[in-house]
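Asks: A structural model of the following input is requested.
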Amino acid sequence: MNPKTKILVVLSALLLMGLGAPMAAAQGSGIQYQESAGTVTLTTDDIAVKVTSVGQVPHFHWWDPNNTAVDYHVMFVKLFEAQDNNSNGIFDLGTDTMIGPPFALPSANWEFSGFVTEQEGDNLTAVHFNFTSTSAHDPRPGGQNDSYGQLPDLPSFDVTVQIRVHMSVEDLGEMKFDVVIGGWTWTYSDSLLVLQFTVTQSNHDETQGSRDPAGFNQTDTQFNFENGYMQYEGTALAAQNTIQVKASHGGGTGDELGESVYLAFENFGNETLEYDPTIGVETSSSSIVNPLTDQATLILIGGAVVIIAAVVVVKVRK
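Replies: You can find the predicted model right below:
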């Protein structure tokens, strides 16, 4: 083999090594999941999540598998209509008025759908499942959940809440979920529908959170706490209509632990509301970009190697 050929062989081998390394690193190990006694556990290289629903509202419990010092918890608490007394589209505790008794979500019964999975080769790449409330509730004054008793002239009220969970290896350190609310009969045309949930933290492997999340703060449409976060969208969908969503946080409407977050939806009439927040962790593997996994960088590296090879060939010929 002449020197020119040897040089080209070595350069080609280096290029192949550079291309092959990021492909192997990007593949990952897929999603591991299991369901037992009403608890669903999902694990990737970047996030681990437990979702619990045994006769109670789904409880999201998640942590960074690369840093297991602290766990985060989201518990769905109440769904209620509120009079927006200062007309700012936000639920302001102490200023706005709750209309009728709230739908206490932890006391509802929830049905688990089972898993729908997506796979590439031997790797599980996505998991989807739903929790659907099966308890009847009428929160209006004089409704079936009002201690004053049912009024005969009230129209029917059959609200359902569904939480659809989506996890994909393409979303590093995140779990997406949809909140779907149907059948809400409004008391007033200008009121808000408010979803209250709490954020808490605990030591690793504790089943419930009891502490306020450290460093809790709101930046734009994201709530941050240590290396955990919950991101919400500024709009929801109801049929083909875009519905405004505004968030607030602070103390609870009752004796709830942790930081309460209130998502306020403008009146969406008789349609079904669909909304898609995200929870996650800022992990080292998702926050540091490996240049060898970037397609543009690979193209530049490949082009540089080709140019170097051409220069070497010219010099050898001379």
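Asks: May I have stretch 100-119 exported as CSV, CA atoms only?
Replies: In CSV, the C-alpha atoms belonging to stretch 100-119 read as follows (Å, rounded to 0.1, in the frame of the first residue of the first chain):
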residue,chain,number,x,y,z
GLY,A,100,-70.1,26.7,44.9
PRO,A,101,-68.2,23.8,46.5
PRO,A,102,-65.1,22.6,44.5
PHE,A,103,-64.7,19.3,42.8
ALA,A,104,-62.3,17.7,45.3
LEU,A,105,-60.2,15.6,42.9
PRO,A,106,-58.5,13.3,45.5
SER,A,107,-61.9,12.0,46.5
ALA,A,108,-62.9,11.0,43.0
ASN,A,109,-62.6,7.5,41.6
TRP,A,110,-60.1,7.2,38.7
GLU,A,111,-59.9,4.6,36.0
PHE,A,112,-56.6,3.5,34.5
SER,A,113,-56.6,2.9,30.7
GLY,A,114,-53.6,0.6,30.4
PHE,A,115,-50.5,1.2,28.3
VAL,A,116,-50.1,2.1,24.6
THR,A,117,-46.4,1.8,23.6
GLU,A,118,-44.2,2.6,20.7
GLN,A,119,-41.0,0.7,19.9
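Asks: centroid residue for the chain?
Replies: Thr278 (2.2 Å; CA atoms, centre = their mean).
Asks: got a pLDDT number for the closest residue to that one other than its chain neighbours?
Replies: Once flanking residues are discounted, Thr278 sits nearest to Gln231: 4.5 Å by CB to CB, 6 or more residues apart in numbering. Every C-beta, even on glycine, is put in place using the N, C-alpha and C of the backbone. At Gln231, the model reports a pLDDT of 96.
Asks: Same check on Thr283?
Replies: 67.
Asks: Please enumerate the helices of this structure.
Replies: In the chain, the segments counted as helices under DSSP state H are 3-27, 284-287, 295-317.
Asks: how close does the residue nearest to the centre of the chain sit to Tyr232?
Replies: Shown here: Thr278 relative to Tyr232, a distance of 8 Å by CB to CB, to the nearest Å.
Asks: next one: Asn217
Replies: Distance, Asn217 to Tyr232, by CB to CB: 14 Å.
Asks: Between these two, point out the one with more neighbours.
Replies: Each of Asn217 and Tyr232 has its neighbours counted (other CB atoms under 10 Å); Tyr232 has more, 19 against 10.
Asks: doesn't Pro277 make contact with that one?
Replies: Yes. Using CB atoms under 8 Å, Tyr232 is in contact with Pro277, at 4.6 Å.
Asks: Count the residues that sit near Asp64.
Replies: Asp64: 25 neighbours (other CB under 10 Å).
Asks: Could you report the distance from Asn227 to Met167?
Replies: Per CB to CB, Asn227 is found 18 Å from Met167.
Asks: Please identify which of these two sits among more neighbours.
Replies: Met167 (25 against 20).
Asks: What strands line up against the longest strand anywhere in the chain, and which way round?
Replies: Longest strand of the chain, by residue count under DSSP state E: strand 67-83. Each strand paired with strand 67-83, and its direction, by DSSP bridges: strand 59-64 (antiparallel), strand 97-104 (antiparallel), strand 192-203 (antiparallel).
Asks: how about those, which one is nearest Val159?
Replies: strand 97-104 (6.7 Å; CB to CB).
Asks: What's the separation between the closest residue to Asn86 other than its chain neighbours and Asn88?
Replies: If the residues on either side of it in the chain are set aside, Asn86 comes closest to Thr95, at 5.8 Å by CB to CB, 6+ apart. Separation of Thr95 from Asn88 (CB to CB) stands at 9 Å.
Asks: do Pro106 as well
Replies: Computed as CB to CB, the Pro106 to Asn88 distance reads 29 Å.
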